[in-house]
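Undergrad: Here is the input, now give the coordinates:
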Amino acid sequence: MSDQYRVPDDLVYTREHEWAKTLEGVERIGITDYAAKTLNDVVYVSLPSIGQHLEQLASFGTVESIKAVSELYSPLSGIVSKVNTELGNHPELVNKSPYEEGWIIEIKPSKIEEERKKLLDSKQYREFLSSLGK
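TA: Model prediction:
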């Protein structure tokens, strides 16, 4: 099952299907290819406010598709420094490009060292996806 989804090696993942990527001083966050394909046609993304404090694995918004509304969970704690405003007019970017143009937010992490250890690397996330099909 995991072979049909893109799982980049340079990201960390949650079991709720979010990812985080380290950039210069910030973590970029989005949903995985698995989540994007499971949701299918995304029609709206609810974004947090810049400056909002997020806790690891706490909900920070929703992604709405024609099939369902799904909560978004922050892989890491921190302060929202940027939101992807393109998603307001083009929520389908989440489906088309979940790891590139479809990213959702960037945060300035507050507990990165301890919290990254609680996340899955690409190999662990692929194994997790494989277990979902059983």
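Undergrad: Please, where are all the strands along this structure?
TA: 12-13, 18-22, 27-31, 42-45, 53-54, 59-65, 69-73, 78-83, 105-109 (DSSP state E).
Undergrad: Tell me which of the ones you listed lies nearest to S122.
TA: strand 12-13 (7.4 Å; Cβ to Cβ). C-beta: built from backbone N, CA, C; applies to glycine.
Undergrad: helices or strands next to the closest one in the packing?
TA: strand 18-22, helix 122-132 (3 or more Cβ pairs under 8 Å, 6 or more residues apart in numbering; DSSP states H and E).
Undergrad: so which of these comes closest to V94?
TA: strand 18-22 (11.6 Å).
Undergrad: ok, D41 - how many residues close by?
TA: Per other Cβ atoms under 10 Å, the neighbour tally for D41 reads 12.
Undergrad: So it is in contact with S65, correct?
TA: Yes: look at D41 against S65 with Cβ atoms under 8 Å: they come within range, at 5.5 Å.
Undergrad: Could you dump the helices and strands packed on strand 12-13 into CSV and include mean pLDDT?
TA: Formatted as CSV, the helices and strands packed on strand 12-13 follow (pLDDT from 0 to 100):
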stretch, mean pLDDT
strand 18-22, 97
helix 122-132, 95
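Undergrad: what would the ones you listed look like in a markdown table with distance to Y99?
TA: Formatted as a markdown table, the helices and strands packed on strand 12-13 follow (distance: least, Cβ to Cβ, whole Å):
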| stretch | distance to Y99 |
| --- | --- |
| strand 18-22 | 7 |
| helix 122-132 | 12 |
